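In: Okay, sequence plus prediction incoming.
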Amino acid sequence: MDAQIAAESSMAKFSVGIDLGTTHCVLSYVEATNEDARVKVMAVPQLTAPGTVENRSQLGSFLYQPHEHEMGEGSRTLPWTHEPKALVGAIARNLGSKTPIRLVASAKSWLCHSGVNRRDSFLPQGSPEEVSKVSPLKTTELYLDHLKQAWDHANPNAPLSEQDVTITVPASFDPAARDLTAEAARNVGFEHLTLLEEPQAALYSWIDNSND
């Protein structure tokens, strides 16, 4: 089985890196078979207002839980779907600034909070009962799923599930938080996954830039 996974990984067209940040997520990539290729940052399509889609270099790590009449027909349309699983990114931050009781922020911090059950649905914390709740694990999945859908839309012949994906995690993450991050990635279809601690990723970046 390990040999099969290694063989499939060697066929990946791209090496993809995801910074799953507390306030922003960024997806970068490089052609795996081109030694002279440069790392690029993908522009992520996302809603910035109802019915408005923009490409941005960062996906805000925010999730907004709208009430049932807040977003009318067509107002959630993304390039790959008319009914996204969640409102994440810029629109979540923008709407949440006006109605913070419906905004989920800092899910990454909750993911490494050992004092809570990170699979329980309690976010947005302290919001009224009528606001739908999600878990830190599910919120992480929703961020990753948006990135995956954006990538697959832009690269229909090289789906993200077939690429080598590295997700950076803080050095402070305990084993449970690391496992939950990997679980969230697997749940949305990442098959060739590596977790890399952020200080180590920064070192690799410094070495690479020093060789330019």
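Out: The structure has been received and is ready for your questions.
In: Please make it C-alpha for all contacts and neighbour counts, starting now.
Out: Fine.
In: how about the helices in the protein?
Out: For the chain, helices defined by DSSP state H occupy the ranges 2-10, 90-98, 107-111, 136-154, 175-187, 198-210.
In: Now tell me which helix or strand of the protein has the poorest mean pLDDT.
Out: Least confident helix or strand of the chain, by mean pLDDT, DSSP states H and E, is helix 2-10 with a mean of 48.
In: how near is the residue nearest to Ser75 when sequence neighbours are not counted to Ser57?
Out: Among residues not flanking Ser75 along the chain, Gly51 sits closest, at 4.0 Å (C-alpha to C-alpha, 6 or more residues apart in numbering). Distance check for Gly51 against Ser57: by C-alpha to C-alpha, to the nearest Å, it reads 19 Å.
In: what does Lys108 give?
Out: 20 Å.
In: Of the two, which one has the most company?
Out: Lys108 (22 against 15; other C-alpha atoms under 10 Å).
In: ok, Lys85 - how many residues close by?
Out: Neighbours of Lys85 under the rule other C-alpha under 10 Å: 11.
In: Make 21 the starting number, not 1.
Out: That works, and once the first residue is 21, the last one we named lands at Lys105.
In: For it, which residues are in contact?
Out: Leu162 (C-alpha atoms under 8 Å, 6 or more residues apart in numbering).
In: For Leu47, see how far away the residue positioned nearest the centre of the chain is.
Out: By C-alpha atoms, centre = their mean, the chain has its centre lying nearest to Leu164, at 3.0 Å. The gap separating Leu164 from Leu47 is 10 Å, by C-alpha to C-alpha.
In: what distance separates stretch 85-105 from the centre of its chain?
Out: Distance of stretch 85-105 from the chain centroid (C-alpha atoms, centre = their mean, to the nearest Å) equals 19 Å.
In: ends of it, how far apart?
Out: Terminal residues of stretch 85-105 are spaced 11 Å apart (C-alpha to C-alpha).
In: Next, the buried residues of it.
Out: Gln85, Pro86, Ser95, Arg96, Thr97, Leu98 (16 or more other C-alpha atoms under 10 Å).
In: Distance to Thr201 and pLDDT for the residues you listed - can I get that in CSV?
Out: Formatted as CSV, those follow (distance: C-alpha to C-alpha, whole Å; pLDDT from 0 to 100):
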residue, distance to Thr201, pLDDT
Gln85, 22, 96
Pro86, 25, 93
Ser95, 30, 94
Arg96, 27, 94
Thr97, 28, 96
Leu98, 25, 97
